[in-house]
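Student: build me a model from this:
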Amino acid sequence: MALGPKQMGEAIIRNLKEKTGKSIEQWISLVEQSKLTEKKEVISFLKIDNGLGHFQAQKIFENFNGKDKYADPSTFIDKIFNSDKSQELYEFVKIQILKQGNDTKIQPCETYVPFYRKNQFALLSKGANDSIILGLNLPENYSSSIFSDNSTKGSVRINSQTEIKNKSDFNEEVLTALNTAYKNN
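Tutor: Residues are numbered from 1 along each chain as shown. Next up, the predicted model:
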């Protein structure tokens, strides 16, 4: 299964010494010596002056700052689906996704919630007027009247999407597409 953002961040920190020659503690010490404190300045210093990649610099800053945004990814769900209607709709659609099989994992991100089996097969994000955008990874030749090409944020694996405005929008065609995405991933 693909790593979620929290696991990816942990892997970046774990591999810093091997990839860069310095441990997280050594990088934090270097940042402290620079006397920089603003996020943009610190990340620029790490990337430009020290040749680090963006995500390495981001994780070092988060550790320097003491605020790992992925420390508790479960908080993202309440921030994304921040109204009673969107929260209720999210819970309903999430249950439908989890019914596909007991091997489904949820790994919330900052702006969307991906669902994995072996690979990511579904994604939920908030749409306009408290609707839910359901993105799926469907076979290339899959034909549907309600799924369009993906324009959701977050994942290149998700190639189709539909908007769920009410529970009744989660109809047989949506369920069939979801089942197809689940089985193919």
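Student: give me the phi and psi for the residue nearest the centre of the chain.
Tutor: With distances taken as Cα atoms, centre = their mean, residue 109 lies nearest the centre of the chain, 3.2 Å away. Here is the backbone geometry of residue 109 (degrees, to the nearest 10): phi -110, psi -180.
Student: leaving out chain neighbours, which residue sits closest to it?
Tutor: Of all residues beyond its chain neighbours, the one nearest residue 109 is residue 5 (5.4 Å), with distances taken as Cβ to Cβ, 6 or more residues apart in numbering. Using the backbone N, CA and C atoms, a C-beta is placed for each residue, glycine as well.
Student: show me where this protein has strands.
Tutor: If you assign secondary structure with DSSP state E, the strands in the chain sit at 105-106, 113-116, 120-126, 132-136, 148-149, 160-164.
Student: show me the contacts for residue 94.
Tutor: Contact analysis of residue 94 by Cβ atoms under 8 Å, 6 or more residues apart in numbering lists 106, 113, 124.
Student: what's the distance between residue 54 and residue 22?
Tutor: Taking Cβ to Cβ, to the nearest Å as the measure, residue 54 falls 17 Å from residue 22.
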